[in-house]
Each structure stands twice: as structure tokens, then as C-alpha cells.
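Chemist: Provided below for reference: sequence and predicted model.
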Amino acid sequence: MKLRRGTALLACLAASTVVATAQDLKSPTAGDYVPRLGDIMGAAQARHQKLWLAGRAQNWELAAFELRQLKAGLVEAALLYSGIPVTNVTTLETPLQAAADAIAAKDGRKLAKAFGDLTEGCNGCHRSMGRGFVVMRVPADQQPFGNQAFQPQGKP
Ligand code: HEC
């Protein structure tokens, strides 16, 4: 009985959180799923790392895809969470564009430079929002994503 009441309370709490977040949306629709900011960021972390690995493997098609996904996630974060200063996202526009240009030019060195700047942008926002303990870095040589092949297909 106690357990049930606790579960109901939790459900209420979750519902009120969703409503509060939904008010921040431009055009909320009942029943829309609103991803938590931390979850959007978790996906951004995965794409940040995959972008790097794909670039290192010179898989430009995959790198371009991961970059698009990463950018879409950051834009989504800014649109869904009005507490995020828009400038924190727009300052990333320069390194994001530089990365896109480097990928289009198949230039690994330029991509590495843009990636470093992009990573600084991640950390700049984290610091400015009291999340300075979330420190992103250019991935070291370990590969946590053992569940995906990063080599371009058809190459040994
Ligand atoms: C516009 C601001 C902003 C930018 C830009 C930003 N973040 Fe975040 N990030 C946040 C905030 C705010 C949190 C904390 C979310 C929370 O408290 O739930 C966060 C949290 C995180 C976390 C921790 C998630 C978890 O649950 O453990 C990771 C990882 C992360 N960000 C990765 C990145 C990466 C990678 C980039 C750059 C590609 C990036 N972030 C860019 C604002 C930002």
C-alpha cells in the first residue's frame, strides 16, 4: 500500500515536471515527449566521440552524418530549454561550420582543429551553467564504442 502511494506521488511529480518543461516550448502539443537535457547531452557525447573516430578513420560520409546529428541535438537543447542562453549555442556555429567545411574538403587536420574549438565550446557552456564538472576533451586513443565499425565500408 505504502509502495503504491509512493509510486503515485512519483508519477505526479514526473507529470508536473513535464508540464513545467512543456511551458518552455514554443508550440507544445499534448503528449509530446520532451527529452531531458541530460539525455540530449548524453547523445551529444556519443556523437562527439563518433565524429572524432569517423574523422580519424577518414570516413567522411559518417563524419558528416555525426556532425549533423550533433548539431541537431544542440539546437534541440536550446529550443526545448529556454534557460540555456542562446549565445551559448550560437558561439558554436563557427566551429560547427569549420568542421563541416573540413569534412567537405576531406581535410583531417582542419577537422581536428575545428573539433578542438568545438570541444572548448561544449566546456564553455558547461562552465557558464554551473556544470563545469562536465569536462569534454578530444578523445584519447581508447575506443569505448566497440559496438560500431568506424572504417568506411568496403575497405580492409
Ligand atoms: C548551450 C549549453 C551547452 C552546450 C553548448 C553543451 N552542453 Fe553539455 N550540458 C549542458 C548542461 C546545462 C548540462 C547539464 C544537464 C543537467 O543538469 O541535466 C550538460 C551536460 C552534459 C553532459 C552530462 C550528461 C550526463 O547526464 O552525464 C555531457 C556528457 C555533455 N553535456 C556533453 C556535451 C558535449 C559533448 C557538448 C558539445 C558538443 C555539449 N555538452 C555542449 C549544456 C551545454
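Modeler: Noted; the coordinates are in hand.

Chemist: how about the nearest residue to the spatially most central residue of the chain, chain neighbours excluded?
Modeler: For the chain, the residue nearest the mean C-alpha position is residue 44 (2.0 Å; Cα atoms, centre = their mean). Closest residue in space to residue 44, ignoring its immediate chain neighbours: residue 73 at 4.8 Å, by Cβ to Cβ, 6 or more residues apart in numbering. All C-beta atoms are positioned from the backbone trio N, CA, C, and that covers glycine.

Chemist: same check, this time on residue 106
Modeler: Leaving aside its chain neighbours, residue 106 sits nearest to residue 60 (5.4 Å; criterion: Cβ to Cβ, 6+ apart).

Chemist: hmm, residue 103 and the one you found touching each other?
Modeler: Yes - using Cβ atoms under 8 Å, residue 60 is in contact with residue 103, at 5.4 Å.

Chemist: how much space separates residue 44 from the ligand?
Modeler: Separation of residue 44 from the ligand (Cβ to the nearest ligand atom, to the nearest Å) stands at 4 Å.

Chemist: which ones are touching that residue?
Modeler: When contacts are counted by Cβ atoms under 8 Å, 6 or more residues apart in numbering, residue 44 touches 70, 73, 74, 77, 122.

Chemist: give me that answer again for 10 Å
Modeler: 69, 70, 71, 72, 73, 74, 76, 77, 122, 136 (Cβ atoms under 10 Å, 6 or more residues apart in numbering).
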